[in-house]
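# Provided below are the primary sequence and the corresponding predicted coordinates.
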Amino acid sequence: MVNLEIDRVSVRFALKGATVEAVNDVSLRIRPGECVALVGESGCGKTVLASALLGFLPGNAETSGSARLGEVDLLVATDHELATTVRGRRIGLIPQSPASHLTPVRTARAQLEEAARVLGGDAQQAAERAGLLPEHLDRYPHELSGGMAQRVANALALVGNPPLLIADEPTTGLDRDLVDGLLGEFRRLVDDGHAVLLITHDLAAAHKVADRIAVMYAGRIVEVGPAHEVLDASKHPYSRGLANALPERDFLPIPGQPPLLTDLPAGCAFAPRCEQATAICEDRPVLTDDPHAVACHRPC
Ligand SMILES: Nc1ncnc2c1ncn2[C@@H]1O[C@H](COP(=O)(O)OP(=O)(O)OP(=O)(O)O)[C@@H](O)[C@H]1O
Ligand code: NI
């Protein structure tokens, strides 16, 4: 099993008269036997980063940097190479809004059995692990509830037993028991030596299952470190704000809005919302090179 080495990845979208800077200079390593959670508010670039790793970006996207999985650079690999050697085999993806990724004209069972045949897996076992009963499997995607479509997507991503799983908001629409079951499944995979990148809004889920947490703000990683340290001894004022917004803590959202990705400030993008900001924050802070790293001039 090999590391995923994301090195200085940026993704931009060219629009008429504007450029969306969706992912900015992101570096992150995910090792076998490790679960890394990527957290941050809606629109901060989490899904775009995952899409870049699997070659799912639209034509107006431009990427730089590299993302190595063994000998493959995922950012320059051809679609054919990704389709035949990476997707489902080396990286399983649980996509965000899974219902829209299922083939509408085929039952869940047909899709899962086809994936199992192509990838060499066990459809029955994958279905059971995802909490799917035989009667669910005979439904077409439009007959599945959101939570059920999520379970089908989870089974599809895992049927080929890929060493790396990227799960984009996999707990959306699941009730508490299923969330706990899924997180338990992720933990089993990780303890078996798989690597998991868990993209989530759910900090409580990240805290439960992740070894490390990376916090993203306006396309950049602003803090990354051991999960309990990032949440319980946050260094970045943004991470502290996210942790304090948890229902079991202050339950107070961070005031203000993230900046427009078409018009990012030159300095720290969080400064306009940050109580600790001073003039120094007009310079862009660099992510430190520690096991618990932060990009902030005035850390907590
Ligand atoms: N094809 C595209 N063209 C232009 N902008 C895009 C495109 N795809 C995504 N974006 C923009 O990139 C930014 C990051 O989007 P992304 O979907 O990665 O956010 P996210 O962190 O996954 O949010 P959420 O938590 O809501 O899923 C958003 O501002 C989004 O509007
Ligand atoms: Ni997303």
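Cool, got the structure. Numbering: from 1, shown residues only. Ligands and ions are numbered 1, 2, ... in the order given.

# does the residue in the chain that ligand 2 sits nearest to sit in a helix, a strand or a coil?
Residue nearest to ligand 2 within the chain: residue 47 (3.0 Å; C-beta to the ion). Yep, even glycine has a C-beta here, placed from its N, CA and C like the rest. For residue 47, the secondary-structure state derived from DSSP: H, G, I helix; E, B strand; the rest coil is helix.

# What is the burial count for it?
20 (other C-beta atoms under 10 Å).

# For it, give me its contacts.
Counting by C-beta atoms under 8 Å, 6 or more residues apart in numbering, residue 47 makes contact with 96, 168, 199.

# and residue 267, helix, strand or coil?
Taken by three-state DSSP, the conformation at residue 267 corresponds to coil.

# Please disregard the earlier target; I meant residue 190.
Secondary structure state of residue 190, per three-state DSSP, is helix.

# Is residue 81 part of a helix or strand, or is it coil?
With three-state DSSP as the basis, the three-state label of residue 81 is helix.

# Would you agree it is in contact with residue 73?
No: Residue 81 is beyond contact range of residue 73, at 10.2 Å (criterion: C-beta atoms under 8 Å).

# Out of the contacts of residue 47, list just those in strands.
When strands are assigned by DSSP state E, the members of these inside them are 168, 199.

# Reformat the contacts of residue 47 as JSON lines; add pLDDT.
Written out in JSON lines, the entries for these read as follows (pLDDT from 0 to 100):
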{"residue": "96", "pLDDT": "92"}
{"residue": "168", "pLDDT": "96"}
{"residue": "199", "pLDDT": "97"}
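
# will you turn the contacts of residue 47 into a markdown table that also has neighbour count and distance to residue 157?
Listed next are the contacts of residue 47 as a markdown table, based on neighbours: other C-beta atoms under 10 Å; distance: C-beta to C-beta, whole Å:
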| residue | neighbour count | distance to residue 157 |
| --- | --- | --- |
| 96 | 18 | 12 |
| 168 | 23 | 10 |
| 199 | 23 | 13 |
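
# For the stretch 101-250 of the chain, just list every one of the helices.
Under the criterion DSSP state H, counting those that start in this stretch, helices of the stretch 101-250 of the chain are mapped to 108-119, 123-129, 134-137, 146-158, 176-191, 203-209, 227-232, 237-244.

# Now distance to ligand 2, mean pLDDT and mean neighbour count too, for those, in JSON lines please.
Shown next, in JSON lines, are the helices of the stretch 101-250 of the chain (distance: least, C-beta to the ion, whole Å; pLDDT from 0 to 100; neighbours: other C-beta atoms under 10 Å):
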{"stretch": "helix 108-119", "distance to ligand 2": "23", "mean pLDDT": "96", "mean neighbour count": "18"}
{"stretch": "helix 123-129", "distance to ligand 2": "24", "mean pLDDT": "94", "mean neighbour count": "19"}
{"stretch": "helix 134-137", "distance to ligand 2": "25", "mean pLDDT": "92", "mean neighbour count": "14"}
{"stretch": "helix 146-158", "distance to ligand 2": "14", "mean pLDDT": "92", "mean neighbour count": "24"}
{"stretch": "helix 176-191", "distance to ligand 2": "17", "mean pLDDT": "91", "mean neighbour count": "16"}
{"stretch": "helix 203-209", "distance to ligand 2": "14", "mean pLDDT": "93", "mean neighbour count": "20"}
{"stretch": "helix 227-232", "distance to ligand 2": "20", "mean pLDDT": "96", "mean neighbour count": "18"}
{"stretch": "helix 237-244", "distance to ligand 2": "16", "mean pLDDT": "96", "mean neighbour count": "23"}
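
# Would you format those helices as JSON lines with distance to residue 86 included?
Supplementary listing: the helices of the stretch 101-250 of the chain in JSON lines, determined by distance: least, C-beta to C-beta, whole Å:
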{"stretch": "helix 108-119", "distance to residue 86": "12"}
{"stretch": "helix 123-129", "distance to residue 86": "19"}
{"stretch": "helix 134-137", "distance to residue 86": "27"}
{"stretch": "helix 146-158", "distance to residue 86": "13"}
{"stretch": "helix 176-191", "distance to residue 86": "18"}
{"stretch": "helix 203-209", "distance to residue 86": "24"}
{"stretch": "helix 227-232", "distance to residue 86": "27"}
{"stretch": "helix 237-244", "distance to residue 86": "31"}
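
# In JSON lines: these, plus distance to ligand 1.
What follows is those, written out as JSON lines (distance: least, C-beta to the nearest ligand atom, whole Å):
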{"stretch": "helix 108-119", "distance to ligand 1": "24"}
{"stretch": "helix 123-129", "distance to ligand 1": "25"}
{"stretch": "helix 134-137", "distance to ligand 1": "26"}
{"stretch": "helix 146-158", "distance to ligand 1": "14"}
{"stretch": "helix 176-191", "distance to ligand 1": "17"}
{"stretch": "helix 203-209", "distance to ligand 1": "13"}
{"stretch": "helix 227-232", "distance to ligand 1": "17"}
{"stretch": "helix 237-244", "distance to ligand 1": "13"}
